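Peer 1: Here is my input; please provide its structure:
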Amino acid sequence: MKKEINRWAVLVSSMGILMCTGAVYAFSVLAGPLSAARGWTMAEVMVAFAINAALGPIPMILGGFLTDKGWSKWSTMAGAVLFGVGFALAGTATTLTELYVYYGLMAGFGQGFAYSGCLSNTIRFFPDKKGLASGLITAGMGGAAIIAAPIANQLIQSIGVADTFVRMGIAYAIISFTCSLFIKVAPKDYMPKNMNAAATAAANKPVVNKNWKEMLQDPKFYMIILMFAMGAFSGLMIASNASPIGQSMFGLSAAAAAVYVSVYSLSNTMGRIIWGAVSDKLGQPTTISIMYSVIILTFL
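Peer 2: Predicted coordinates:
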């Protein structure tokens, strides 16, 4: 008889990995000092973040394919280490091209790979709590800046921005690699023991499944992509520029701006957990409508 997989250990390990790759949300703390140290404009430095964010969807698709093949553990491990190495090498960049390759391409590709592997595999362990599980996993990524922002600011003050990239990147590679050792591949049609009747019925509820070709022919797919893009961009616009906004518009010091980034990330993290849990109760369409209404009101 096979030993029952501890799905919560897989969830915590996935959160640990995404807390490392989620350091991209603290880039605004590093961007200003990097611009000053290398003599690059902020616009030039922010292109690295744009490449990182734009590249992400490509390895996510490939990571999803590998997860379907049962290779999520290895794709996650490779992506996590690649992200850490790319992040560390960004500190050695002396030209914009090197920065774009290291932080944009390498770290971006690694982040997407790790994100896809962690999310798609771990959710399969929670057919009874999909919303909460996905919220907790992505909370790891959103919460990364809570820790990374003040640490990065402190390191920049003591050892400079270049060495900060190197040291943090090495730490991310080691931590995420260690966490990936605890990742287990979700068995097909996994059902946890002791799941209550209501949860079992919901998990077994018939759904319409389509292959990727049928999906691309469905107009609803493109509407979902558009909605996801708008939701992601609205957050990334703020996350990638939070520190410069705080310093230039509100006169915050670098340390205070780092705290501002941490507060923003804490809210981001809690939102992922809360809305994930709410979606299990109200359903995804209703929850999404409420979320987008909040975003619209906030931007207004």
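Peer 1: So in the protein, where's the weakest helix or strand by average pLDDT?
Peer 2: Lowest mean confidence among the helices and strands of the chain (mean pLDDT, DSSP states H and E): helix 197-203, at a mean of 55.
Peer 1: now the helix or strand that comes right after that helix, how far from the chain's geometric center?
Peer 2: Using DSSP states H and E, the helix or strand that follows helix 197-203 in sequence is helix 212-216. A distance of 25 Å separates the centroid of the chain from that of helix 212-216, by C-alpha atoms, centre = their mean, to the nearest Å.
Peer 1: The next helix or strand after helix 212-216: how far from the chain's middle?
Peer 2: Counting by DSSP H and E, the next helix or strand C-terminal to helix 212-216 is helix 219-239. How far helix 219-239 lies from its chain's middle: 15 Å, per C-alpha atoms, centre = their mean.
Peer 1: Just the residues contacting whatever helix or strand comes next after helix 219-239, thanks.
Peer 2: Downstream of helix 219-239, the next assigned helix or strand under DSSP H and E is helix 242-250. Residues from elsewhere that reach helix 242-250, judged by C-beta atoms under 8 Å, 6 or more residues apart in numbering: 28-29, 31-32, 42, 149, 238, 252-254, 256-258, 260-261, 264. All C-beta spots, glycine's among them, are computed from the backbone N, C-alpha and C.
Peer 1: Alpha carbons of helix 242-250, as CSV, please.
Peer 2: Output in CSV follows, covering the C-alpha atoms of helix 242-250 (Å, rounded to 0.1, in the frame of the first residue of the first chain):
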residue,chain,number,x,y,z
ALA,A,242,6.3,51.4,-6.0
SER,A,243,9.6,52.7,-4.5
PRO,A,244,10.2,55.4,-7.1
ILE,A,245,6.6,56.6,-6.7
GLY,A,246,7.0,56.8,-3.0
GLN,A,247,10.3,58.7,-3.2
SER,A,248,9.5,61.1,-6.1
MET,A,249,5.9,61.9,-5.5
PHE,A,250,5.6,61.7,-1.7
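Peer 1: in that helix, what's buried?
Peer 2: Of all the residues in helix 242-250, those buried under the rule 16 or more other C-beta atoms under 10 Å are Ala242, Ser243, Pro244, Ile245, Gly246, Gln247.
Peer 1: and the helix or strand following that helix, which residues are buried?
Peer 2: Scanning forward in sequence from helix 242-250 by DSSP H and E, the next helix or strand is helix 254-282. Residues of helix 254-282 classed as buried under the neighbour-count rule (16+ other C-beta under 10 Å) are 257-258, 260-262, 264-265, 268-269, 271-273, 275-280.
Peer 1: tell me the SS of Lys188?
Peer 2: Under DSSP: H, G, I helix; E, B strand; the rest coil, Lys188 falls in the coil class.
Peer 1: how close does it sit to Phe125?
Peer 2: Lys188 is 12 Å from Phe125, where distance means C-beta to C-beta, to the nearest Å.
Peer 1: With Gly117 instead?
Peer 2: According to C-beta to C-beta, Gly117 and Phe125 sit 13 Å apart.
Peer 1: of the two, who's got more company?
Peer 2: Gly117 (32 against 25; other C-beta atoms under 10 Å).
Peer 1: Might one say that the more buried one is in contact with Lys69?
Peer 2: No - the criterion here is C-beta atoms under 8 Å, and Gly117 misses it with Lys69 at 11.3 Å.
Peer 1: Where does pLDDT dip in the protein?
Peer 2: Applying pLDDT under 70 to the chain picks out residues 1-3, 194-207, 240.
Peer 1: try 50
Peer 2: The model of the chain has pLDDT under 50 over residues 1.
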